[in-house]
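# Model the structure of this input:
(one chain, ligands or ions: 1)
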Amino acid sequence: MTHDGGSPSAGSVTGDWWDSAVIYQVYPRSFADGNGDGVGDLAGLIARLPYIASLGVDGIWMTPFQPSPQVDQGYDVSDYCGVDPLFGTMDEFDTLLELAHSLGLRVLLDVVPNHCSSAHPLFQQALAARPGSPERDMFHFVEGRSSAPGSASDLPPNNWQSVFGGRAWSRAVPGSATDTQWYLHLFSPGQPDWNWRNPAVGDYFESVLRFWFDKGVDGLRIDVAHGLFKADGLPDAPSATAVVDGLRANPLVSDQEDVHEVYRRWRTLAEKYQPHRLLVGEVNLEPARAARYTRADEMHQAFAFAFVKLGWDPAAWASVGAELEAARQLHGAAPSWALENHDIVRSVTRFGGGTKDGRELGLRRSRAALLALLGLPGAAYIYQGQELGLPEVDVPVEARVDPMWTRGGITRDGARVPLPWTAPPEANHGFSPATGQPGNPWLPQPEGWGRYAVETQQQNPGSTLALVTAAVGLRRQLWDQGVFTADDGGTWRVEDGNLLICERNAKFLVAVAMGTEAVRLPAGTVLASAAPLETDGWLQPDNAAWVLLD
Ligand code: GLC
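Sure thing, here's the model as predicted:
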């Protein structure tokens, strides 16, 4: 294992397993339901682990399953070191971890350090304690402002808006004349923000990390990793909406310099374990800022979300790719690629123009984009169902549960619909057990969902599932043969107006045809393509290829 302390050019390429990793994101509620209550759980996941292993991936990242009132589908944690009965028991988690390891799969968990649930005992103790107490100092409890003399604290302490819509502040004790404090919640009122300026918060999280690392968990995905610290004095934002935009680049609520000290501490801890534990951050910042979180003594990886916001536009992809590459050169860690997750509209729908009519086009593009992604230098993350080419579901309004919908009018439910495992007539498309009378899936599966079923795609060599499995296998071989190395950068360019190219090293490139006409591929051997090539050496629109250079 090579570690290069502070050398900026050496950065976070560590020679560890994760440099070449493909990680499969499991959203447990929607993956597989073991007990028939219509909500996915650990038993369901345990039963389907061999499926994940059959994809050839290196590990899974599980979104939260810890005890939670489920206001934000588990991102409101009331006990960081437990298992919510909705999902199962700690014994089941231990079984899951053991089985995953025996199948060669690493297990990453989600840690949510920016906020907890209002049901968390420490928040409950803070509510019960007096203003100014050490209990309240674990969170941001602040006196409000007054609209007029005598109307004490009837306005929140500042103008910050919640990411989910509405004020980022709620009264500690609504209507109380004696306790006039407000508490900060950048997300829903059920998710109070921790006060990271209080060292007790850092110590508490260190104990949480130790708990899971001691169990043998292989790493953590860090939720809202650029959050945590807020500007001293909690000043007003220049405009109320300025805080909302996904926390992006708002220096008042995110990307404060102090946050880096947290990840230095976590990195030191992660390296006390053998093998070292992986830290990957949800850092929703532009590439140059995000890269600062993967300096040699901080996290190992941060998701490169930059492509998620782009359409089918080769110049934009090349320019963002170049920006990410520049950031890599500055701080060393290769981008960790992801086109989908549980917060983002499915790529089939994004690339298909957002409508049902665009689905075929969207599917072609999403397959091409995924193949491209798997060939880029850096780890790749696949979100459950992406390997099936699932489109975004238009969940009926009355069935939507995302707090972002109720507070802000945007729903993420459409990317979270339970997976189809079997074609009809099995109940819930095989999401729930075939025996008994399973409850309805927690989000309704739309008509025709069975056509995307795992079972159907496993029998079809042209399926998206077959494409992904083959690409992940080939990626492994290319690593083993030394065609891919941890030192690869990415040189981005557009040829002939619409052929996007990322040249990974002197031996290999990825090409995506993003225009309306076929384009000639650079000279070499085509190792893989998202759709069969119609003419040797030419790539049809919306197809992608891996080329071994002559
Ligand atoms: C992250 C999660 C998202 C959640 C939010 C608040 O962005 O991915 O699902 O709502 O944090 O925890």
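# Tell me how many other residues crowd the closest residue to Gly408 other than its chain neighbours.
Nearest residue to Gly408 in three dimensions, chain neighbours excluded: Gly165, at 2.9 Å (Cβ to Cβ, 6 or more residues apart in numbering). Where you see a C-beta, it was placed from the backbone N, CA and C, and this is true even at glycine. As a burial measure, Gly165 scores 16 neighbours (other Cβ atoms under 10 Å).
# and if you look at the one 10 residues further on?
By the other Cβ under 10 Å criterion, the neighbourhood of Gly175 contains 6 residues.
# Show me what counts as buried in stretch 499-507.
499-505, 507 (16 or more other Cβ atoms under 10 Å).
# Report the buried residues of the helix or strand Trp405 falls within.
Assigned by DSSP states H and E, Trp405 falls within helix 403-408. By neighbour count on 16+ other Cβ under 10 Å, the buried set for helix 403-408 is 403-405, 407-408.
# pLDDT check: weakest of those?
Lowest pLDDT of the buried residues of helix 403-408: Gly408, 83.
# Quickly note the distance from that residue to Asp84.
For Gly408, the distance to Asp84 (Cβ to Cβ, to the nearest Å) stands at 25 Å.
# Show the model's pLDDT score for Pro396.
97.
# who are the neighbours in contact with it?
Taking Cβ atoms under 8 Å, 6 or more residues apart in numbering, we find Pro396 in contact with Pro444.
# switch to 10 Å and redo it
Contact analysis of Pro396 by Cβ atoms under 10 Å, 6 or more residues apart in numbering lists 413, 443-444, 446.
# Could you count how many residues lie near the closest residue to Phe211 other than its chain neighbours?
Closest residue in space to Phe211, ignoring its immediate chain neighbours: Cys81 at 4.6 Å, by Cβ to Cβ, 6+ apart. Number of residues near Cys81 (other Cβ under 10 Å) recorded here: 14.
# that's a strand at Cys81, yeah?
No. Judged by DSSP: H, G, I helix; E, B strand; the rest coil, Cys81 forms no part of a strand; its state is coil.
# That one and Val280: what is the separation?
Distance from Cys81 to Val280, by Cβ to Cβ: 20 Å.
# do the same with Val22
Per Cβ to Cβ, Val22 is found 13 Å from Val280.
# With neighbour numbers in mind, choose between the two.
Val280 (26 against 21).
# Could you say whether that one sits in a helix, a strand or coil?
For Val280, the assignment made with three-state DSSP gives strand.
# what sits against Met514?
So Met514 contacts 311-318, 365, 368-369, 494, 497-500, 539, 541-544 (Cβ under 10 Å, 6+ apart).
# Quick check on those: which are buried?
Neighbour-count burial (16+ other Cβ under 10 Å) is assigned, among those, to 312, 314, 316-318, 365, 368-369, 494, 498-500, 539, 541-544.
# which residue ranges form the strands in the stretch 301-450 of the chain?
Counting by DSSP state E, counting those that start in this stretch, the stretch 301-450 of the chain has these strands, from start to end: 301-304, 336-338, 380-383.
# Mean pLDDT and distance to Ala399 for those - can I get that in CSV?
As requested, the strands of the stretch 301-450 of the chain are arranged in CSV below (pLDDT from 0 to 100; distance: least, Cβ to Cβ, whole Å):
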stretch, mean pLDDT, distance to Ala399
strand 301-304, 94, 29
strand 336-338, 96, 27
strand 380-383, 98, 21
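# which one of those strands lies closest to Leu99?
strand 380-383 (20.1 Å; Cβ to Cβ).
# what packs against that closest one?
With contacts taken as 3 or more Cβ pairs under 10 Å, 6 or more residues apart in numbering; DSSP states H and E, strand 380-383 sits against strand 22-26, strand 59-62, strand 301-304, strand 336-338, helix 359-375, helix 464-480.
# just those: most buried one?
strand 301-304 (a mean of 26; mean count of other Cβ atoms under 10 Å).
# can you tell if it touches the ligand?
No. Applying Cβ under 6 Å from any ligand atom, one finds strand 301-304 separated from the ligand by no less than 10.1 Å.
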